[in-house]
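>>> Could you look at this predicted model? Sequence included:
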Number of protein chains: 2
Amino acid sequence: MKIEKPKGTRDFYPEDMAWQNYITDAWRRVSIRHGFEEVDGPIFEKLDLYKVKSGDGIVSELFSFRRENGSTDFALRPEFTPTLARMVADRANSLPKPIKWFTIPNLCRAERPQRGRLREFLQWNVDLLGLESELADAETILVAIDFLSELGVTPEHVRVKISHRDVVKNILITLGVPEDKILDAFNLLDRRDKMESEDFEKAAMALGLDEHRVQRFQEACRSRYRTGSLGSLCKAIGMPETDVKELQELDDKLHDLGIAEWCEYDLGIVRGLAYYTGVVYEIHESSGAERALAGGGRYDNLINLFGGPKTPAVGFGMGDVVLSNLLRDKGLIPDHIGHRPDIYVLAVSDLGAKKVLPLVADLRAKGLHARFSYKTTKNMGRLLKEAVGASSRYALILDDAPESGQLKNLDTQEQVEVRLDEVAKTLHDAV
Amino acid sequence: MKIEKPKGTRDFYPEDMAWQNYITDAWRRVSIRHGFEEVDGPIFEKLDLYKVKSGDGIVSELFSFRRENGSTDFALRPEFTPTLARMVADRANSLPKPIKWFTIPNLCRAERPQRGRLREFLQWNVDLLGLESELADAETILVAIDFLSELGVTPEHVRVKISHRDVVKNILITLGVPEDKILDAFNLLDRRDKMESEDFEKAAMALGLDEHRVQRFQEACRSRYRTGSLGSLCKAIGMPETDVKELQELDDKLHDLGIAEWCEYDLGIVRGLAYYTGVVYEIHESSGAERALAGGGRYDNLINLFGGPKTPAVGFGMGDVVLSNLLRDKGLIPDHIGHRPDIYVLAVSDLGAKKVLPLVADLRAKGLHARFSYKTTKNMGRLLKEAVGASSRYALILDDAPESGQLKNLDTQEQVEVRLDEVAKTLHDAV
């Protein structure tokens, strides 16, 4: 009787899990050193929670369910932000500000599985709430860059593409897009890389743009500007510099934090979700061929929408699937990512064998990663091979000597005699 | 607009998450040092996977769902063992033996929430497959005890109650329970602590036991025997010692591993699930007042049932909810379980303020947990109070001095002048 796992989900065998932990450990480690605290919520929520900010349209992308004889619809979480907004709104008055939270939830979306997109995946979320200053936006970008940098990614591999919804909105209005079509235009912009250019032009015209203006719209989306050059951007789009004040403040902070070289302005970035209110950004592999590595921005109205007080907020999400593709494609895979045993206890005589279990139990209780061979062989060569195969740092060879054994460093091949009651101390000093 | 979280689920605010991580970090750390490797699987599986070993009866306890226009039923995982069996069966020939796996899945059950039982919870699973010897059973018990011991639990706090399905079955058959009612009798035994004694007697009689035999049945279930005293157990239940051969071998291993004092034999333990085949055990708080902390046993037929070769297997699960109750009730809560910042960078002048962001970004990139105050105050007392409030190890005070600051150890109050480009090195040496 064979039953397959669900389409678009993954089994994590030890080697897969070691890779997953390599990423999640780094997410966690970097978040913590940037002063973010970990949170989490339920794997499923009431379906209504996801309708608050995304409307009914999101329902078809969710795994939703209802208990037999129940009256409430639930859904597996497709994103963490609604849960975060609910949690912040619930304790808005008692939480110290700014709120700096991160989380590493598994998320489920009922989409067609394809490269970079699965039905269940992990997503690192970093959010900073309660701070008006663009320092908040800059700090979320900083933690993303520090993480990528920690794993060997460089500014040549990726670009942080920054935009601002109000700036794009101003351009669109100048070009003649009516106020009530702005969200439609954002959605169109967000999907433009996945569309044929004919379809894009047709859709743009439906928003009220003539052929000439579609052209200018396209140009505005395609142009990129280095950090420190917002003046040129304003000149190119015919906008006074006072209209990009928030981007200028962000620009200053990116320089202060030493990460300006990773970033550029790209007015084609708007993010699809309705709730973003200001700065938005995405991190892309430099060639632009892959899905975004991460995406985020300001959502200053969301806590309010979930019943809390108006609260400035900014954050991003980074999934594990596109990230893993990037690290593999760029050859950024470390040689060893599992856990090395500290010691392998090996018996080469029957008397030695009697000492294995008490010793191993004692070493483990003292915090050492201790293994032994389950084979019945007393052949030292075969036993050592097993220890080396498991990447153990040391082997302890037990023979008929009543109170000592041979401790062999498997990296250097050095071997010393050691009293059995001093093995733990010797290893603690050495590893 | 307020939407509550689903009944029986939990939000993990930073202090809750720190506690959760305190437990999961210890589960992971102890598993690894006992030579177990981490695995995981999908949060949902095909519903049929859960019917293989538990029949249709389990469906009402599951959160199950079907995609609109889809034909497959899915369910949130209520336990990990079916996923593990599927994964092992899939790669039965290529996986090196013995297989030593652990996992820390979140599980979902559609039960009525009550003390010790939620609708979503974490469960530590430890499984050892491919080893016939009772050493396998003993090693899974060892890792559970080493974990409890690591968190301050002692043999006075808990008992590991061990039984064997064949031994209990023999008693039941001797008392007159027909072969085809044995599983019903196991289920009855498993539920006896939650039943009125009258109901228990009535149910026992329905299995073919008269009043006198119900009495003897009860006695057999209530008696407990210390490790090392299987002879007395055999005498009491009128069974030759050859019939408890496997328990005797387990007993020897428990002594070898130094954990016999934590364990006792309790023939009232049978576990409710149909798939256990030999040794079964549960860990209980000593008074017996709470739900089991952990439960497990042999399931030598399960991999076979999932399409793999016949494979000896043993494992247990330990949930986070009952465990947390135990640790709280016994006062086993450490003083500090969060992450202490290494350093808080504080500016007491405008010139100092300009140096904060570049320095903080640099310290974080060098692996240090560095924070700063988001307040605009330059009042040293207030700033230091914030750093102390966050449990920071050090504070760095920046004034108009161009290339240095005052580094203050917040534990000892010692303060030294330090060059800004040497802060990272000084801290790395110190923390």
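That came through, no problem. Numbering: from 1, shown residues only, chains lettered A, B, ... in the order given.
>>> Quick check: longest strand in chain A by residues?
strand A:120-129 (DSSP state E).
>>> Give me the sheet partners of it and which way each runs.
Here strand A:120-129 is paired, per DSSP bridges, with strand A:99-103 (antiparallel), strand A:106-108 (antiparallel), strand A:313-319 (antiparallel).
>>> These into TSV, with extra columns for distance to B:Ala292, mean neighbour count and mean pLDDT?
For glycine as for every other residue, the C-beta is placed from the backbone atoms N, C-alpha and C. Listed next are those as TSV, based on distance: least, C-beta to C-beta, whole Å; neighbours: other C-beta atoms under 10 Å in any protein chain shown; pLDDT from 0 to 100:
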stretch	distance to B:Ala292	mean neighbour count	mean pLDDT
strand A:99-103	31	24	98
strand A:106-108	27	21	96
strand A:313-319	38	24	98
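>>> lowest confidence element among the helices and strands of chain A?
For chain A, using mean pLDDT, DSSP states H and E, the weakest element among its helices and strands is helix A:211-222, scoring a mean of 82.
>>> Now find how far off-centre it is within its chain.
Helix A:211-222 has its average C-alpha position 33 Å from the chain's average C-alpha position, going by C-alpha atoms, centre = their mean, to the nearest Å.
>>> Point out the other helices and strands that it packs with.
helix A:165-174, helix A:197-206 (3 or more C-beta pairs under 8 Å, 6 or more residues apart in numbering or on different chains; DSSP states H and E).
>>> Which residues does that helix contact?
By C-beta atoms under 8 Å, 6 or more residues apart in numbering or on different chains, the residues outside helix A:211-222 that reach it are A:171-172, A:175-176, A:189, A:192, A:201, A:204-205, A:209, A:237, A:267-268.
>>> now do stretch A:91-98
Contacts with stretch A:91-98, where a contact means C-beta under 8 Å, 6+ apart, come from A:Val88, A:Leu128, A:Leu129, A:Gly130, A:Leu131, A:Ala136, A:Ile303, A:Gly308, A:Pro309, A:Thr311, B:Tyr13, B:Tyr374.
>>> Now do the buried residues in it.
Across stretch A:91-98, burial judged by 16 or more other C-beta atoms under 10 Å in any protein chain shown covers A:Ala92, A:Leu95, A:Pro98.
>>> Turn the residues you listed into TSV, columns for pLDDT.
Listed next are the buried residues of stretch A:91-98 as TSV, based on pLDDT from 0 to 100:
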residue	pLDDT
A:Ala92	92
A:Leu95	96
A:Pro98	97
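>>> any idea which of the residues you listed is closest to B:His336?
Proximity of these to B:His336 (C-beta to C-beta) peaks at A:Leu95, which lies at 20.3 Å.
>>> would the closest one count as being in a strand?
No: counting by DSSP: H, G, I helix; E, B strand; the rest coil, one finds A:Leu95 to be coil, located in no strand.
>>> Next one: it from A:Gly130, what distance?
A:Leu95 sits 8 Å away from A:Gly130, going by C-beta to C-beta, to the nearest Å.
>>> go on, A:Glu290?
According to C-beta to C-beta, A:Glu290 stands 34 Å off from A:Gly130.
>>> Counting neighbours, go ahead and name the busier of these two.
With neighbours defined as other C-beta atoms under 10 Å in any protein chain shown, A:Glu290 and A:Gly130 compare such that A:Gly130 has more, 19 against 16.
>>> Quick check: phi and psi at the residue nearest to that one when sequence neighbours are not counted.
Among residues not flanking A:Gly130 along the chain, A:Lys97 sits closest, at 3.5 Å (C-beta to C-beta, 6 or more residues apart in numbering or on different chains). When quoted as degrees, to the nearest 10, the phi and psi of A:Lys97 stand at phi -110, psi 150.
>>> Show me where the stretch 151-300 of chain A has its strands.
Taking DSSP state E, counting those that start in this stretch to define them, one finds strands in the stretch 151-300 of chain A at A:158-164, A:224-226, A:263-266, A:279-285, A:294-298.
>>> From the contacts of helix A:211-222, keep the buried residues only.
Neighbour-count burial (16+ other C-beta under 10 Å) applied to these gives A:Ile171, A:Leu172, A:Leu175, A:Leu189, A:Arg192, A:Glu201, A:Ala204, A:Leu209, A:Ile237, A:Leu267, A:Gly268.
>>> who touches the third one in this structure?
If a contact means C-beta under 8 Å, 6+ apart, then A:Leu175 has A:Leu209, A:Arg213, A:Arg216, A:Phe217 as its contacts.
>>> hmm, try it at 10 Å
Contacts for A:Leu175 (C-beta atoms under 10 Å, 6 or more residues apart in numbering or on different chains) come out as A:Ala185, A:Ala204, A:Leu207, A:Gly208, A:Leu209, A:Asp210, A:His212, A:Arg213, A:Val214, A:Arg216, A:Phe217, A:Ala220.
>>> Tell me how far the fourth one lies from A:Leu188.
According to C-beta to C-beta, A:Gly208 and A:Leu188 sit 12 Å apart.
>>> more crowded one of these two?
Just comparing A:Gly208 and A:Leu188: by other C-beta under 10 Å the higher neighbour count belongs to A:Leu188, 22 against 14.
>>> Can you name the residues that contact the closest residue to A:Cys263 other than its chain neighbours?
Among residues not flanking A:Cys263 along the chain, A:Val160 sits closest, at 4.3 Å (C-beta to C-beta, 6+ apart). A:Val160 makes contact with A:141, A:144-145, A:148, A:227, A:254, A:259-264, A:266, A:269, A:281-284, A:293-294, according to C-beta under 10 Å, 6+ apart.
>>> which among those residues end up buried?
A:141, A:144-145, A:148, A:227, A:254, A:259-260, A:262-263, A:266, A:269, A:281-284, A:293-294.
>>> what does the stretch 151-300 of chain A put close to chain B?
A:Asp252, A:Lys253, A:His255, A:Asp256, A:Leu257, A:Gly258, A:Ile259 (C-beta under 10 Å from any C-beta of the partner chain).
>>> Give me the distance between the closest residue to the second one other than its chain neighbours and A:Lys310.
Once its chain neighbours are removed from consideration, A:Lys253 has its nearest residue in A:Ala138; the separation is 3.6 Å (C-beta to C-beta, 6+ apart). When distances are taken as C-beta to C-beta, A:Ala138 and A:Lys310 turn out to be 22 Å apart.
>>> Tell me which of those two has more neighbours.
When neighbours are counted by other C-beta under 10 Å, A:Ala138 and A:Lys310 differ, and A:Ala138 comes out ahead with 26 against 12.
>>> Surely the more buried one touches A:Trp262?
No: using C-beta atoms under 10 Å as the test, A:Ala138 is too far from A:Trp262 to be in contact (11.5 Å).
>>> okay, and the common contacts of those two?
Common neighbours of A:Ala138 and A:Trp262 (C-beta under 10 Å, 6+ apart) are A:Leu254.
>>> coming back round to it: would you single out the least confident of the helices and strands packed on helix A:211-222?
Among those, helix A:197-206 carries the lowest mean pLDDT, a mean of 87.
>>> so that one versus helix A:211-222, what angle?
Interaxial angle of helix A:197-206 relative to helix A:211-222 (axes from the mean of the first three to the mean of the last three C-alpha atoms, to 10 degrees): 110 degrees.
>>> so what secondary structure elements neighbour helix A:197-206?
Here helix A:197-206 touches helix A:182-191, helix A:211-222, going by 3 or more C-beta pairs under 10 Å, 6 or more residues apart in numbering or on different chains; DSSP states H and E.
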